[in-house]
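Engineer: with the sequence up front, the predicted model follows.
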Amino acid sequence: MSAVRTEEHGRILLVTIDRPEARNAINTAAAEGIAAALTELDQRDDLSVGVLTGAGKGFCAGMDLKAFLAGERPAAEGRGFAGIVERPPAKPLIAAVEGFAVAGGFEIALACDLIVAAEDAKFGLPEVRRGLLPGGGGLLRLPTRIPYAIALEWILTGKLVTAREAHAAGLVNRLTETGSALESALGLAQEIARNAPLAIRAAKRIVVESPAWPPEEAFARQAEIYEPVRSSQDAVEGARAFTEKRAPDWRGA
């Protein structure tokens, strides 16, 4: 059986880590499966948004230690650990979290753009309690997603954080009833997927890349990404659909 399953919901690609017997821990097959799914998401013009979730009772418990001790490398070429942390997709990706997203599992969620979590979900980077560090992007991403002092406390204590705490800190976009995270994430993805594909991808690119731009170059660099969208057929269709009071027919061109 595959370690990762994919399903299409219109313009949404649902990616499921399917190793519930191992708490969806990441081995080589899971990493390569996630990487392949994200490549498919980016390459296909008929897909706009991805949703990443875990089968069974939890999102992901991080690296599969048994597989690691057996000599497996839980990474994919070009994308790093879990096939995502070093190179997430260019298109928006939503994490749907039930149960737990800890250690590398939390780092996978942080590599996603948005997080939808059930009320009973728990997040955490407990590596310091084991004499280690979160090496899959947790130290790099968490302080950019929530206030610095809160991020540092979570990292240095290795504490488990409730979904409500994560929501209050601004990390979780939507908090749902237990068992409803995936449904809510698909609903959020549908809201995004209704919009123009070129605009969605370009907007994410600007948000992701702009913090590294020199301030004096920011608008010029933004224009390089924005102008092809502004001159696209979809931009014309969006304006026409608005004036004609109808739903737009996006072509992705």
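Structural biologist: In hand now; what should we look at? Just so it is clear, the structure is predicted and the values come from calculations on it, not from any experiment. Numbers count the residues shown, from 1 in each chain.
Engineer: Glu72 should be in a strand, yeah?
Structural biologist: No - per DSSP: H, G, I helix; E, B strand; the rest coil, Glu72 lies outside any strand segment and is coil.
Engineer: how close does it get to Ser2?
Structural biologist: 16 Å (CB to CB, to the nearest Å). For every residue, glycine as well, the C-beta is placed using N, CA and C.
Engineer: pick out whichever of those two has more residues nearby.
Structural biologist: Between Glu72 and Ser2, counted using other CB atoms under 10 Å, Glu72 has the larger neighbour count: 17 against 11.
Engineer: model confidence score at the closest residue to Glu177 other than its chain neighbours, please.
Structural biologist: Leaving aside its sequence neighbours, Glu177 sits nearest to Glu119 (CB to CB, 6 or more residues apart in numbering; 6.3 Å). With respect to pLDDT, Glu119 has a value of 97.
Engineer: flag every buried residue along the helix or strand of the chain with the lowest mean pLDDT.
Structural biologist: Ranked by mean pLDDT, DSSP states H and E, the weakest helix or strand in the chain is helix 65-69, scoring a mean of 91. Across helix 65-69, burial judged by 16 or more other CB atoms under 10 Å covers Ala67.
Engineer: can I get it as PDB, trimmed to CA atoms?
Structural biologist: What follows is helix 65-69, C-alpha atoms only, in PDB (Å, rounded to 0.1, in the frame of the first residue of the first chain):
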ATOM      1  CA  LEU A  65      12.700   6.300  14.000                       C
ATOM      2  CA  LYS A  66      12.400   2.600  13.200                       C
ATOM      3  CA  ALA A  67      12.800   3.400   9.500                       C
ATOM      4  CA  PHE A  68      15.700   5.700  10.300                       C
ATOM      5  CA  LEU A  69      17.500   3.100  12.400                       C
END
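Engineer: what sits against the residue most central in space within the chain?
Structural biologist: Nearest to the mean C-alpha position of the chain, by CA atoms, centre = their mean, lies Cys112 at 1.6 Å. By CB atoms under 8 Å, 6 or more residues apart in numbering, the contact set of Cys112 is Leu52, Pro88, Leu93, Ile94, Ala95.
Engineer: what is the neighbour count of the residue lying closest to Ala61 once chain neighbours are set aside?
Structural biologist: Sequence neighbours aside, Arg23 is the residue nearest to Ala61 in space, at 3.8 Å (criterion: CB to CB, 6+ apart). Using other CB under 10 Å, Arg23 has 20 other residues around it.
Engineer: please begin residue numbering at 457 from this point
Structural biologist: Sure, I'll start numbering at 457, so the last one becomes Arg479.
Engineer: test my guess that Arg479 contacts Gly514.
Structural biologist: Yes - using CB atoms under 8 Å, Arg479 is in contact with Gly514, at 5.7 Å.
Engineer: which stretches of this structure form strands?
Structural biologist: 460-465, 468-473, 505-510, 531-532, 536-537, 549-553, 556-558, 570-574, 578-580, 616-618, 630-632 (DSSP state E).
Engineer: contact partners for the residue nearest to Ala517?
Structural biologist: Contacts of Arg479 (CB under 8 Å, 6+ apart): Gly512, Gly514, Cys516, Ala517, Phe556.
Engineer: picking that back up, quick check: phi and psi at the residue nearest to the centre of the chain.
Structural biologist: phi -80, psi 160 (degrees, to the nearest 10).
Engineer: residue ranges with poor pLDDT in the chain?
Structural biologist: 457 (pLDDT under 70).
Engineer: so where's the longest helix in it?
Structural biologist: As assigned by DSSP state H, the longest helix anywhere in the chain is helix 484-499.
Engineer: what about the spatially closest residue to Leu612 that is not a sequence neighbour, neighbour count?
Structural biologist: Leaving aside its chain neighbours, Leu612 sits nearest to Val584 (6.4 Å; criterion: CB to CB, 6+ apart). Residues lying near Val584 (other CB under 10 Å) number 13.
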